[in-house]
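*Asks:* Quick one, what's the 3D model for this:
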Amino acid sequence: MTYANLTDRHFETSIVIGHGSIGKKHAEKLSHLSHNLLIVDPIIHKYEYEIPTSHVNDIGQVNNSNSKADLVVISNWGPDHFETIKTIISKGYKQIIIEKPMVTSLHELKTLERLIEDNNIKVVVNQGWHHEKLADRILEIAQNFSLGNAFAIWVNGGARCLSTAGSHYIHLANMIFLESPTEMNANLNFDYINPRSSNLVYVDGVTFIKFSRKMLSISYTNFSSIEGDVQIIWKEAVGFLEGTHLRLKGLALDRPYPNIITRYAKPSEEIFNGVLPQTKTSINLGSESIYFDIHFLSKEKLLKEFGKHVISNRILLYCLIANELKRTLSFDERIENYLYVKKFYCS
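*Replies:* Below is the predicted model:
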């Protein structure tokens, strides 16, 4: 695939709903890709974008779409996403970018799937590592060094929040393990220290997600500001992941008892240390890739990618529900209605 000139204005009017730290980044990028810009935010800001920029306080003030080249970015609070998306679709908009988490209840998630399919919406979820093809790059380098399958991902740190940061690792594990989870458990706490709003929770505690015999564990504490670590475990190697940088260390080939799994040893051989190379099929557009994906890719391709985000969003919600139930929850388990409709106020 090749993309057109990155300076082309592919969108007629771009609407950014929520002009916080994330919304501002979208507005800045879209000011170079759109003819007009509309900001929807209850707070009036000083706008210094290079294209005509309007402002309204509320989504109800947004006019109906009059061009199939219009684009809407949903970057307000997570618990508000679902009603916002419903309103935008009712106003005829057909291209939508959604910040994660897409929605914050299972009922909303199921309804969102139907809305996207029934209304022929082109949708992209702004899960950064997904568009940077991070999982593909990790899988390719593991293949290049004959590491085999990854069997575990361990994530730990301070006040990172299971939703805010942990959802990235849930999606990454889902893409690396290449299988749906079987069960999950969680022992969580909810603190109202979210920097986006005191009405939103910051979730810490321990979460365990099982993928057949592969595992993801996330442990955060809201009593620490430590960034934490991410480890990916292969049979005879461990990877330390920092963004798109990976340090791979393996076991010595001449160690005693190399074929006995319980004869453990410290990984002493450096295999790789650097930014993960792009795959042969990936295109490095950085943060701009989401805008070009929604413009150039077909509805069918985007719907397939959207399905992967639905699974990751569902995993997050099942972890939160497992905590409510205080027990292990199977991923195919039917959820009682009061939990099926319960909204979790995370972002």
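*Asks:* Now do the strands in the stretch 1-150 of the chain.
*Replies:* Here the stretch 1-150 of the chain has its strands, by DSSP state E, counting those that start in this stretch, at 11-17, 34-40, 53-56, 71-74, 95-99, 122-126, 150-157.
*Asks:* err, the stretch 151-300 of the chain, not the other one
*Replies:* Assigned by DSSP E, counting those that start in this stretch, the strands in the stretch 151-300 of the chain fall at 183-191, 202-211, 214-220, 229-234, 237-242, 245-250, 269-275.
*Asks:* Would you give the sheet partners of the fifth one, along with the direction of each?
*Replies:* Read that as strand 237-242. strand 229-234 (antiparallel), strand 245-250 (antiparallel) (DSSP bridges).
*Asks:* got the CA positions of it in CSV?
*Replies:* What follows is the C-alpha trace of strand 237-242 in CSV, where atoms were taken according to Å, rounded to 0.1, in the frame of the first residue of the first chain:
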residue,chain,number,x,y,z
ALA,A,237,14.6,-15.5,26.4
VAL,A,238,13.2,-12.5,28.0
GLY,A,239,12.4,-9.1,26.5
PHE,A,240,12.2,-5.8,28.4
LEU,A,241,9.9,-3.5,26.5
GLU,A,242,9.9,0.3,26.8
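*Asks:* one step back: can you redo the strands paired with strand 237-242 as JSON lines with distance to residue 131, mean neighbour count and mean pLDDT?
*Replies:* C-beta here means a position set from N, CA and C on the backbone, and glycine is covered the same way. Formatted as JSON lines, the strands paired with strand 237-242 follow (distance: least, C-beta to C-beta, whole Å; neighbours: other C-beta atoms under 10 Å; pLDDT from 0 to 100):
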{"stretch": "strand 229-234", "distance to residue 131": "19", "mean neighbour count": "17", "mean pLDDT": "98"}
{"stretch": "strand 245-250", "distance to residue 131": "17", "mean neighbour count": "18", "mean pLDDT": "98"}
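*Asks:* got CSV for these, with distance to residue 23 too?
*Replies:* Listed next are those as CSV, based on distance: least, C-beta to C-beta, whole Å:
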stretch, distance to residue 23
strand 229-234, 27
strand 245-250, 28
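*Asks:* Mind jotting down where the helices sit in the chain?
*Replies:* For the chain, the helices defined by DSSP state H cover 21-30, 81-90, 106-118, 128-131, 134-144, 166-177, 289-296, 299-325, 337-340.
*Asks:* closest to residue 249 out of the ones you listed?
*Replies:* Comparison of those against residue 249 by C-beta to C-beta identifies helix 134-144 as nearest, at 13.3 Å.
*Asks:* Could you tell me which residues within that closest one count as buried?
*Replies:* 134, 135, 136, 137, 138, 139, 140, 141, 142 (16 or more other C-beta atoms under 10 Å).
*Asks:* and it, what does it pack onto?
*Replies:* Helix 134-144 makes packing contacts with helix 166-177, strand 245-250 when contacts are defined by 3 or more C-beta pairs under 8 Å, 6 or more residues apart in numbering; DSSP states H and E.
*Asks:* Show me the one of those that comes nearest residue 189.
*Replies:* Distance to residue 189, taken as C-beta to C-beta, is lowest for helix 166-177 among these, at 13.3 Å.
*Asks:* relative to strand 214-220, how tilted is the closest one?
*Replies:* Helix 166-177 and strand 214-220 are oriented at 170 degrees to each other (axes from the mean of the first three to the mean of the last three C-alpha atoms, to 10 degrees).
*Asks:* Number the chain from 846, please
*Replies:* With the count now opening at 846, the last piece we talked about shows up as helix 1011-1022.
*Asks:* just checking, what packs against helix 1011-1022?
*Replies:* Judged by 3+ C-beta pairs under 8 Å, 6+ apart, the packing partners of helix 1011-1022 are helix 973-976, helix 979-989, strand 995-1002, strand 1047-1056, strand 1059-1065, helix 1144-1170.
*Asks:* Now do the same contact list for the residue nearest the centre of the chain.
*Replies:* Centroid check for the chain by C-alpha atoms, centre = their mean gives residue 972 as the closest residue, at 3.3 Å. Listed by C-beta atoms under 8 Å, 6 or more residues apart in numbering, the contact set of residue 972 reads 945, 1012, 1013, 1016, 1154, 1157.
*Asks:* taking those residues as a set, which two sit the farthest apart in space?
*Replies:* Distance extremes for these: the farthest pair is 1013 and 1154 at 11.8 Å, using C-beta to C-beta.
*Asks:* That'll do, ta.
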